[in-house]
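Here is a sequence together with a model predicted from it:
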Amino acid sequence: MNKKHFKYINTLFVVLPMTLIMAFVGLIRNYGFGEDWFFKFLNAWSIMLPVAYLSAFLIIPKARKLAEKATNKDKTQSVRP
């Protein structure tokens, strides 16, 4: 697989189940299993998925940089005598 496409597919496989879970939990907490709950779920999820997918491309690189800084600080501190 092309490395360029891997990033997009990998992000989709992370975002897809997360948004399904979040939409389901949010719907149940706010409305319960009332009338037409499934359509409310699909409506909420159809909005969440593209927003989360696009947001992931902004958040993941910044989170990676922060994690690298945090782990590099730990390494430099443990090396000191």
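Great, that's in hand. Numbering: from 1, shown residues only.

Geometric centre of this structure: which residue is closest?
Central residue of the chain (C-alpha atoms, centre = their mean): Val15, 4.6 Å from the mean position.

which residues does that residue contact?
Leu49, Ala52, Tyr53, Ala56 (C-beta atoms under 8 Å, 6 or more residues apart in numbering). For glycine as for every other residue, the C-beta is placed from the backbone atoms N, C-alpha and C.

So which elements touch the helix or strand bottoming out on mean pLDDT in the chain?
For the chain, the helix or strand with the lowest mean confidence is helix 37-79, at a mean of 86 (criterion: mean pLDDT, DSSP states H and E). In terms of contacts (3 or more C-beta pairs under 8 Å, 6 or more residues apart in numbering; DSSP states H and E), helix 37-79 is packed against helix 3-30.

Name the residues of the helix it packs on that are buried.
Thr11, Val15, Thr19, Ala23, Leu27 (16 or more other C-beta atoms under 10 Å).

so how far is the least confident helix or strand of the chain off the chain centroid?
On the basis of C-alpha atoms, centre = their mean, to the nearest Å, helix 37-79 sits 5 Å off its chain's mean C-alpha point.

Same question for stretch 10-26.
The mean C-alpha position of stretch 10-26 is separated from the chain mean by 7 Å, C-alpha atoms, centre = their mean.

Could you export it as CSV, CA atoms only?
Presented in CSV, the C-alpha positions along stretch 10-26 are these (Å, rounded to 0.1, in the frame of the first residue of the first chain):
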residue,chain,number,x,y,z
ASN,A,10,-5.3,4.5,9.4
THR,A,11,-6.9,7.7,10.7
LEU,A,12,-10.3,6.6,9.3
PHE,A,13,-10.0,3.2,11.2
VAL,A,14,-9.3,5.1,14.4
VAL,A,15,-12.0,7.8,13.9
LEU,A,16,-14.8,5.5,12.7
PRO,A,17,-15.3,3.4,15.8
MET,A,18,-14.6,6.3,18.2
THR,A,19,-17.3,8.4,16.6
LEU,A,20,-19.7,5.5,16.6
ILE,A,21,-19.2,5.0,20.3
MET,A,22,-19.3,8.7,21.1
ALA,A,23,-22.5,9.2,19.1
PHE,A,24,-24.2,6.2,20.7
VAL,A,25,-23.2,7.2,24.3
GLY,A,26,-24.3,10.8,23.7
